[in-house]
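[1] Let me see the structure of the following:
(chains A and B)
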2 protein chains.
Amino acid sequence: MIHAGSPENFRGGLLLHQRSKPKTEPIKTFSKTIALLAITLAGFTNIQAQDLLPSWNDGPTKQAIVDFVKATTETGGAKFVAPEERIATFDQDGTLWVEHPMYSQVMYCLHRVGVLVKEKPELKDVEPFKTVLSGDREAIGKLTMPDLEKILMATLTGMSTEQFQAEVKQWFAEAKDPRWHKPYNELTYQPMQEVMKYLRANGYKTYICTGGGQDFVRVYAEQTYGIPPEQIVGTMGGTTYGYDKDGKPFLTKDPKMLLNDNNGGKPEGIHLMIGRRPHAAFGNSPGDQQMLEYTKAGDGARLAMLVLHDDAKREYAYGPAQGLPDTKVGTFPQALYDKAKKEGWTAISMKDDWKKIFAFEE
Amino acid sequence: MIHAGSPENFRGGLLLHQRSKPKTEPIKTFSKTIALLAITLAGFTNIQAQDLLPSWNDGPTKQAIVDFVKATTETGGAKFVAPEERIATFDQDGTLWVEHPMYSQVMYCLHRVGVLVKEKPELKDVEPFKTVLSGDREAIGKLTMPDLEKILMATLTGMSTEQFQAEVKQWFAEAKDPRWHKPYNELTYQPMQEVMKYLRANGYKTYICTGGGQDFVRVYAEQTYGIPPEQIVGTMGGTTYGYDKDGKPFLTKDPKMLLNDNNGGKPEGIHLMIGRRPHAAFGNSPGDQQMLEYTKAGDGARLAMLVLHDDAKREYAYGPAQGLPDTKVGTFPQALYDKAKKEGWTAISMKDDWKKIFAFEE
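    Predicted coordinates for the structure are as follows:
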């Protein structure tokens, strides 16, 4: 049932865009710089890609991005998109940064269990907390979804929004991933950072659209990706307004889910938070499928891209598309390939399309 | 129990700000214009108010706005607010436009009942639809909140988001209010339009934070206020992702409320949609109290303003503060005055502070 896909053929088959080289315009004088700046800010021209996508190998994938931006920003062009309609959405885990061996938010929650049992010692013999505290990675890896939900609810709700922000901020400043031993914000994919900057330079508003917690991602997204809190769409929990003993108002994070921002929840979350259909969307797993098809179903030029984890050496290779067994995160099944091919999505091969994956690489 | 407030004293007592005159800087050359533009776009200076608030009478209320903007945009000042933190939220009904004799969204829903019974004739003898169809204004005015909820659910949900947008757009293009016989978007308060433009010129992002339906307000807000869909926080309904018979994806509006954006729901909605505390908030009724106190409870310079409906001639005078009986919309009780005084909110007297209320006035 699981087939090893051929990334090269896959990408070739999906490309819709022309392969013309973008033109450069030499900038000679200060006044010209200012004029260009003014025009750009008004969203009426496109910024060239040469210097903005240095970590991308030349080829059809990079060209698909460049062609999309050119087509949608060329004044008078048939596919011109008004500046206010330039919305691009990015899944986070596996699309913007490493999601193996476990989502960083799950790492955070496991860490918080330790803090939690100090406050409530009666929990230390109660499952699933007992398993988490055991440190037995294999057993932790086998926790069921209801177990994980219990852990998430216990560690992500019940405190004020400000206390939560402080806790996440502190963890994020100290935590390191288990393979590279680096802070998580150094494990973002440099080529994706470049795509976001390139889109922003061309008047696009970049949003994260993640299955992760909206409040969690907001804590570090501005520093990590240059994306402000109001442009994070994630799994949303409710809050309750109240007052402390001095009458000062605050919001408490509730154990009530308003929207699960996965699968169909992604377009639902995009509608709720943005109210416009994206013109470009980037994902890597079945949870992104609906966001990509919703994006692609709009009129005019639409870009849908899938990051393919096919580089075991520099990152990870996983998912049925690699002929590898299914994993808890980031599966990329044959059905999604087929869908992608049919609908004209573009796959990004980490192995072939990216000169470097991380900024810290030499 | 109900006292007639004195707007002049009220405003005088609430003002926190200095009354220094803003300085102007003559602009002499084109290059200086460009430099100023560049600096402004970067959010490091403040745009002067003289030409941007022409519908405001000089006085402490206008000065409070000007002083707030000066303080928060002056580089190096003690109350400087970073550009990305410049968030201002505005209630809509009664704050940005007329809410009497009935919210425009309620007018829309009553109108849609007529369309609905054509599709489902069995509803015409069922309450509350029967009362709506009778056209008896007095009886309609007596509909209870559960009745109104039934009407809202029946007319605002069950269709695709795109169909809903088209229906609202069409109604909005044709509907006229019963007193001035003008389209609703001509019944916005000109001085508030100016405040929003003035704030935006100084790097503030302006948001609507309304008890009205988020999807409803989004349809006309860009045209009416220059506020894009992603900056509308309102009462939020769920949607469900699905496919039409040709496999094309779409979102259906569900009869499920995710967040009631009134009272404590306003700060909850602001947290959900923006993830930052506003530095300025504007309201007119008890439903805005929590948004104003949440705004005011933040550090540094915060502006909280209440629009006072005290101009029976040019608009309406209503609410207990005017010694008038309570009404269904926009009440402004003594308790809110007291709260406002204690917390340093600024009241806006439509009668005294506004030279003109509507753009169409001579």
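
[2] Can you name the helix or strand that the residue lying closest to A:Thr155 once chain neighbours are set aside falls in?
    Sequence neighbours aside, A:Arg112 is the residue nearest to A:Thr155 in space, at 3.7 Å (criterion: Cβ to Cβ, 6 or more residues apart in numbering or on different chains). For the C-beta atoms, the positions are set from N, CA and C on the backbone; glycine is no exception. If you go by DSSP states H and E, A:Arg112 is part of helix A:104-119.

[3] Let me know the next secondary structure element after that helix.
    Note on helix A:104-119: by DSSP H and E, the next helix or strand toward the C-terminus is helix A:129-134.

[4] Going by neighbour count, which residues in that following helix are buried?
    A:Phe129, A:Thr131, A:Val132, A:Leu133 (16 or more other Cβ atoms under 10 Å in any protein chain shown).

[5] Show me what it packs onto, helices and strands only.
    Judged by 3 or more Cβ pairs under 8 Å, 6 or more residues apart in numbering or on different chains; DSSP states H and E, helix A:129-134 is in contact with helix A:104-119, helix A:137-141, helix A:145-156.

[6] neighbouring contacts of that helix?
    Residues from elsewhere that reach helix A:129-134 (Cβ atoms under 8 Å, 6 or more residues apart in numbering or on different chains): A:110, A:113-114, A:116-117, A:123-124, A:139-140, A:143, A:147, A:151, A:154.

[7] Need the CA coordinates for that helix. PDB is fine.
    Below are the C-alpha coordinates for helix A:129-134, written out as PDB (Å, rounded to 0.1, in the frame of the first residue of the first chain):
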ATOM      1  CA  PHE A 129       1.700  11.900  33.800                       C
ATOM      2  CA  LYS A 130       3.400   8.900  35.400                       C
ATOM      3  CA  THR A 131       4.700   7.800  32.000                       C
ATOM      4  CA  VAL A 132       6.000  11.200  31.100                       C
ATOM      5  CA  LEU A 133       7.800  11.500  34.400                       C
ATOM      6  CA  SER A 134       9.400   8.100  33.900                       C
END
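
[8] Can you tell me, leaving aside adjacent residues, what's nearest to A:Asp353?
    For A:Asp353, ignoring the flanking residues on the chain, the nearest one in space by Cβ to Cβ, 6+ apart is A:Thr61 at 4.5 Å.

[9] Could you export the helix or strand where the one you found lies as PDB, CA atoms only?
    Per DSSP H and E, A:Thr61 falls inside helix A:60-73. Extracted in PDB, the C-alpha atoms of helix A:60-73 (Å, rounded to 0.1, in the frame of the first residue of the first chain):
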ATOM      1  CA  PRO A  60      11.700  24.400 -11.700                       C
ATOM      2  CA  THR A  61      10.700  24.600  -8.000                       C
ATOM      3  CA  LYS A  62      12.400  28.000  -7.400                       C
ATOM      4  CA  GLN A  63      11.100  29.100 -10.800                       C
ATOM      5  CA  ALA A  64       7.500  28.300  -9.800                       C
ATOM      6  CA  ILE A  65       7.800  30.600  -6.800                       C
ATOM      7  CA  VAL A  66       9.400  33.400  -8.900                       C
ATOM      8  CA  ASP A  67       6.900  33.100 -11.700                       C
ATOM      9  CA  PHE A  68       4.000  33.200  -9.200                       C
ATOM     10  CA  VAL A  69       5.300  36.300  -7.600                       C
ATOM     11  CA  LYS A  70       6.000  38.000 -11.000                       C
ATOM     12  CA  ALA A  71       2.500  37.100 -12.300                       C
ATOM     13  CA  THR A  72       0.600  38.300  -9.300                       C
ATOM     14  CA  THR A  73       2.500  41.600  -8.800                       C
END
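
[10] buried ones in the helix or strand just after it?
    Using DSSP H and E, the helix or strand that follows helix A:60-73 towards the C-terminus is strand A:87-90. Within strand A:87-90, the residues that count as buried by 16+ other Cβ under 10 Å are A:Ile87, A:Ala88, A:Thr89, A:Phe90.

[11] Wait, the last one touches A:Tyr189, no?
    No - the pair A:Phe90 and A:Tyr189 fails to qualify as a contact (Cβ atoms under 8 Å) at a distance of 10.4 Å.

[12] What ranges does chain A have for its helices?
    All helices of chain A, identified by DSSP state H, fall at A:7-14, A:30-41, A:60-73, A:104-119, A:129-134, A:137-141, A:145-156, A:161-174, A:190-201, A:214-225, A:265-273, A:289-296, A:334-343, A:350-353.

[13] now, of those helices, which is deepest in the fold?
    Ranked by mean neighbour count, these are led by helix A:265-273 with a mean of 26 (mean count of other Cβ atoms under 10 Å in any protein chain shown).

[14] what comes into contact with it?
    Identification of contacts with helix A:265-273 by Cβ under 8 Å, 6+ apart yields A:89, A:91, A:207, A:209, A:211, A:233-236, A:259, A:261, A:276-278, A:287-288, A:290-291, A:294, B:161, B:214, B:230, B:236, B:238-241, B:249, B:251, B:258, B:273.
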